[in-house]
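S.K.: no sequence on this one, just coordinates:
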């Protein structure tokens with residue numbers, strides 16, 4: 001707005017204070033003060049309100065008998081102060097600073113669940129970040145909240161939770177929200193949900209981020225309540241908490257028995273078995289191991305060289321049976337297996353069959369399971385393209401092979417069933433050298449395709465996926481996928497051409 005126009009309106013408003021005795025050059029002083037303000041957009045109403053304050057104070061000064069000089073000095077002091085108050089930047093406009101909300105309608109929950117695009121984790125209610133989240137959430141609520149015209153149930157909530165970032169307050173004891181405002185309908189709840197960011201609807205007015213949902217211990221219900229004030233401080237805090245949680249999870253790991261190895265000159269198969277299995281159990285006591293597999297103590301009760309009715313093998317490749325007991329480090333331990341829990345927290349008499357193989361100077365665990373292990377492996381045969389692969393027996397019921405666009409894709413079965421991912425490797429049959437020269441060599445450059453077999457007519461290629469094939473937040477599937485992946489090189493080496 002033009003400064004001259006602002007000044008003209010201010011002079012008109014100043015005329016209202018006819019009884020106020022001001023210095024003769026006050027018009028000039030006012031104009032100079034306004035002109036010196038920063039080059040910003042100015043709302044006429046803000047400047048006029050500024051003059052109201054000045055004139056009203058001036059009238060009081062006159063009635064109190066102060067001299068003209070005092071009034072003049074106060075005007076010069078108040079103009080910059082009031083203008084600073086009314087000219088704060090918010091979304092490109094200069095408006096009054098928001099009044100901080102001191103309502104404390106929401107008490108500290110017993111726990112808070114943070115949702116991040118479908119994944120989630122928990123915070124204790126007395127966690128320092130939880131307390132700050134509650135404080136910022138309270139600042140979003142005022143007495144103008146009403147019922148939104150929508151319908152909320154568990155199905156709708158599932159969709160909301162998978163969109164952007166959300167925060168859920170969980171209370172063991174029922175609470176009531178009752179705001180003294182126009183048309184507010186009180187409600188009781190055991191849980192509250194707040195969408196913090198939304199990829200689908202954005203963060204503008206009318207978005208789900210300006211509403212909250214409520215429910216009892218079992219279900220969400222009724223309609224959303226809003227509008228809530230937007231809080232960039234809350235958004236930033238929750239993003240920091242998510243980043244901290246990610247760093248913590250990355251610091252944890254799930255030990256893979258296939259990484260267990262020992263070096264020994266001992267030729268006693270039972271002693272080798274004891275040493276290598278104890279090395280595996282010791283790995284599981286590491287404080288950095290994920291809680292669902294971490295143990296605090298262990299005992300090896302019995303070891304026998306045996307493999308049921310199958311071949312036991314020899315010193316370089318054999319199977320042993322072990323009976324052992326463990327004590328989980330936390331109550332979150334959930335590794336699948338057998339054994340019986342006792343009253344002191346131990347899991348007693350778990351059993352495994354373990355395949356140990358000597359590679360150069362080291363013994364390693366190749367397979368481990370609750371059933372006898374066939375050390376000859378599983379033979380996969382593809383009759384259409386005439387080839388076979390030998391898979392470890394641990395792959396039994398854990399893989400799925402399918403033909404897709406003239407390729408054979410081999411997946412981790414559990415991940416594939418969950419979301420259609422989990423590809424471990426792909427075999428590419430090229431039925432002619434021309435196809436290899438025109439397509440295969442291009443794929444060598446694009447996806448790192450490797451030639452694993454060729455004859456006078458055919459060429460077979462192999463590749464691993466070029467992207468992540470599992471949910472990074474699903475530790476169990478992540479661990480299973482990685483464990484199978486360690487066998488791929490040996491599987492590819494087992495490729496054999498057979499008659500169609």
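M.R.: Structure's in. What do you need? Just so it is clear, the structure is predicted and the values come from calculations on it, not from any experiment.

S.K.: and the nearest residue to residue 281 once chain neighbours are set aside, how many neighbours?
M.R.: Using C-beta to C-beta, 6 or more residues apart in numbering and skipping residues adjacent in sequence, the residue nearest residue 281 is residue 298, 4.3 Å away. Using the backbone N, CA and C atoms, a C-beta is placed for each residue, glycine as well. Residue 298 has 19 neighbouring residues, counting by other C-beta atoms under 10 Å.

S.K.: surely residue 298 meets residue 283?
M.R.: No. Look at residue 298 against residue 283 with C-beta atoms under 8 Å: they stay out of range, at 10.7 Å.

S.K.: distance of the spatially most central residue of the chain relative to residue 213?
M.R.: For the chain, the residue sitting closest to the mean C-alpha position, by C-alpha atoms, centre = their mean, is residue 116 at 4.4 Å. Counting by C-beta to C-beta, to the nearest Å, the gap from residue 116 to residue 213 is 18 Å.

S.K.: one more: residue 451?
M.R.: 57 Å.

S.K.: ok, residue 433 next?
M.R.: For residue 433, the distance to residue 213 - C-beta to C-beta - is 63 Å.

S.K.: so which of those two has more stuff around it?
M.R.: residue 213 (27 against 15).

S.K.: quick check: that one touching residue 169?
M.R.: No. Using C-beta under 8 Å, residue 213 is not in contact with residue 169, being 10.9 Å away.

S.K.: find residues that contact each of those two.
M.R.: 192-193 (C-beta atoms under 8 Å, 6 or more residues apart in numbering).

S.K.: outline the domain layout of the chain.
M.R.: 3-95, 111-250, 257-369, 378-497 (automatic domain parsing).

S.K.: give me the distance from the second one to the chain's centre.
M.R.: Taking C-alpha atoms, centre = their mean, to the nearest Å, the mean C-alpha location of domain 111-250 is offset from the chain mean by 16 Å.

S.K.: the last one too?
M.R.: A distance of 30 Å separates the C-alpha centroid of domain 378-497 from that of its chain, computed with C-alpha atoms, centre = their mean.

S.K.: can you give me the end-to-end distance of that domain?
M.R.: Distance between the two ends of domain 378-497: 16 Å, counting by C-alpha to C-alpha, to the nearest Å.

S.K.: the nearest residue to residue 370 once chain neighbours are set aside - how many residues pack around it?
M.R.: Computed as C-beta to C-beta, 6+ apart, the closest residue to residue 370 that is not its neighbour in sequence is residue 338, at 5.8 Å. A count of nearby residues for residue 338, using other C-beta under 10 Å, gives 10.

S.K.: which residues does residue 338 contact?
M.R.: By C-beta under 8 Å, 6+ apart, the residues touching residue 338 are 350-351, 370.

S.K.: closest one to residue 404 out of those, please.
M.R.: residue 370 (33.0 Å; C-beta to C-beta).

S.K.: to what extent is that closest one buried, counted in neighbours?
M.R.: Residue 370 sits with 11 neighbouring residues when counted by other C-beta under 10 Å.

S.K.: that one and residue 339 touch, don't they?
M.R.: No. Using C-beta under 8 Å, residue 370 makes no contact with residue 339, being 10.1 Å away.

S.K.: what's the neighbour count on residue 491?
M.R.: By the criterion of other C-beta under 10 Å, residue 491 has 22 neighbours.

S.K.: ok so it is a strand residue?
M.R.: No. Membership of residue 491 in a strand is not supported by DSSP: H, G, I helix; E, B strand; the rest coil, which gives helix.

S.K.: check what pLDDT it gets.
M.R.: With respect to pLDDT, residue 491 scores 94.

S.K.: mind checking how far it is from residue 105?
M.R.: Applying C-beta to C-beta to residue 491 and residue 105 gives a distance of 60 Å.

S.K.: do residue 386 as well
M.R.: 72 Å.

S.K.: what comes into contact with stretch 456-467?
M.R.: Counting by C-beta under 8 Å, 6+ apart, 385, 387, 423-433, 435-436, 440, 443-444, 447-454, 488, 492, 495, 497 sit against stretch 456-467.

S.K.: coming back round to it: check which helix or strand covers the residue nearest to residue 281.
M.R.: strand 295-305 (DSSP states H and E).

S.K.: ok, residue 241 next?
M.R.: helix 232-251.

S.K.: among the contacts of stretch 456-467, which lie within strands?
M.R.: Counting by DSSP state E, the part of the contacts of stretch 456-467 found in strands is 387, 423-430, 450-454, 497.

S.K.: and residue 419, how many residues sit next to it?
M.R.: 12.

S.K.: ok, now residue 221?
M.R.: Using other C-beta under 10 Å: residue 221 sits among 16 other residues.

S.K.: and it, its phi and psi?
M.R.: Dihedral angles of residue 221 (phi, psi; degrees, to the nearest 10) stand at phi -160, psi 180.
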